[in-house]
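below: sequence and its predicted model.
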Amino acid sequence: MHTAPESYRCLPVITDSPLCRACMEADETPTHVLLQCRGVAEHRAAYLGSPALLPEALGDLGGLLSFWSELGWLE
Ligand SMILES: [Zn+2]
């Protein structure tokens, strides 16, 4: 199934730095940060629980914004 690209446009632009600023271990992609990153695991668990798939994380927009805001990545 194709995922609507519109879902991704509400995410902050995170393409200027290829490496994840939280863990510096992987590319900073929405998938990495929302599902895999160990550097933000605590915040992610607090705001998003443990999403298994990206659409799951993106479905909780309020949690998503709080999560990003808590990280200080919203500029
Ligand atoms: Zn990371």
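All right, it came through fine.

same question for the helix ranked longest in the chain, mean pLDDT?
For the chain, the longest helix by residue count, based on DSSP state H, is helix 61-71. Helix 61-71 carries an average pLDDT of 93.

got it, and stretch 31-40?
Mean pLDDT, taken over the full extent of stretch 31-40, equals 96.

show the end-to-end separation of it, please.
Stretch 31-40 stretches 13 Å from its first residue to its last (CA to CA, to the nearest Å).

list the buried ones in the longest helix of the chain?
Neighbour counts using 16 or more other CB atoms under 10 Å place 63, 64, 67, 68, 71 of helix 61-71 among the buried residues. Where C-beta positions appear, they are placed from N, C-alpha and C, glycine not excepted.

report the central residue of the protein.
The central residue of the chain, meaning the one whose C-alpha is nearest the mean C-alpha position (CA atoms, centre = their mean), is residue 34 at 3.4 Å.

quick one: contacts for the nearest residue to it once chain neighbours are set aside?
Distance criterion CB to CB, 6 or more residues apart in numbering; nearest residue to residue 34, sequence neighbours excluded, is residue 57 at 4.2 Å. Contacts here follow CB atoms under 8 Å, 6 or more residues apart in numbering; on that basis residue 57 touches 34, 35, 48, 51, 64.

one more: residue 35?
Here residue 35 is in contact with 51, 52, 53, 54, 57 (criterion: CB under 8 Å, 6+ apart).

can you do 7 Å?
Each residue near residue 35 by CB atoms under 7 Å, 6 or more residues apart in numbering is listed here: 51, 54, 57.

mind listing which of those residues are in strands?
Counting by DSSP state E, no part of the contacts of residue 35 is found in strands.

using CSV, lay out those together with distance to residue 24 and pLDDT.
Conversion of the contacts of residue 35 to CSV gives the following (distance: CB to CB, whole Å; pLDDT from 0 to 100):
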residue, distance to residue 24, pLDDT
51, 22, 94
54, 21, 94
57, 21, 93
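
thank you kindly, that will do.
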